[in-house]
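In: here is my input; please provide its structure:
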Amino acid sequence: MKSLYQRTVLGIFIVAVIGNIAIFISSMKLSSEIHSFDQKTFALKQENTQLQKEMADTESFLHAEVFKKNWGFFRASQPVYIGELKYALNTRQ
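Out: Residues are numbered from 1 along each chain as shown. Reported below is the predicted structural model:
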C-alpha cells in the first residue's frame, strides 16, 4: 500500500513538473509575441504622430491660402532688412 501511495504521489509530482515546464515555455512564446506587438504598436504610434503633424501643416497651409484669397493678398511682401536704416534713426551721421 505504501508503495502504491509513493508511486501515485511521484506520478502526480512528475505530471505537475512537466505541466509547469509546458506552461513556462508557452508563456515565453507569448512574451516574445507581446514584445513584438509592442514594438509594432510603438512604430505605428510614431508614424501616426508624424502623419498628424504633416496633416496639421497641410491644413494650416490650406487655411492660409484660403485666407489669402479671401482678403486679396496676391503677392508676397518685401522683406525689411535691419541693415538698411530706412525706418530707424541713424545716429552715425
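
In: where in the chain is pLDDT low?
Out: Under the criterion of pLDDT under 70, the regions of the chain flagged as low confidence span 1, 73-93.

In: let's go with 90 and repeat that
Out: When the per-residue scores of the chain are filtered using pLDDT under 90, the ranges that remain are 1-5, 53-93.

In: quick check: Gln39 vs Lys29, distance?
Out: Noted for Gln39: a distance of 16 Å to Lys29, by C-beta to C-beta, to the nearest Å. In this view, the C-beta of every residue, glycine as well, is placed from N, C-alpha and C.

In: same deal with Lys53?
Out: Computed with C-beta to C-beta, the distance linking Lys53 and Lys29 is 37 Å.

In: for Ala16, same thing?
Out: The gap separating Ala16 from Lys29 is 21 Å, by C-beta to C-beta.

In: what of Ala64?
Out: The span separating Ala64 from Lys29 equals 53 Å under the rule C-beta to C-beta.

In: repeat that for Val15.
Out: Val15 sits at a distance of 21 Å from Lys29 (criterion: C-beta to C-beta).

In: ok, now Phe42?
Out: When distances are taken as C-beta to C-beta, Phe42 and Lys29 turn out to be 21 Å apart.

In: so which residues of the protein form helices?
Out: Using DSSP state H, the helices of the chain run over residues 2-71.

In: just the CA trace of stretch 4-13, in PDB.
Out: Taking C-alpha atoms only, stretch 4-13 is exported to PDB below (Å, rounded to 0.1, in the frame of the first residue of the first chain):
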ATOM      1  CA  LEU A   4       1.300   2.400  -4.400                       C
ATOM      2  CA  TYR A   5       0.900   5.700  -2.500                       C
ATOM      3  CA  GLN A   6       4.500   6.700  -3.200                       C
ATOM      4  CA  ARG A   7       4.100   5.900  -6.900                       C
ATOM      5  CA  THR A   8       0.900   7.900  -7.100                       C
ATOM      6  CA  VAL A   9       2.500  10.900  -5.400                       C
ATOM      7  CA  LEU A  10       5.600  10.600  -7.600                       C
ATOM      8  CA  GLY A  11       3.500  10.300 -10.700                       C
ATOM      9  CA  ILE A  12       1.400  13.400  -9.700                       C
ATOM     10  CA  PHE A  13       4.700  15.300  -9.000                       C
END
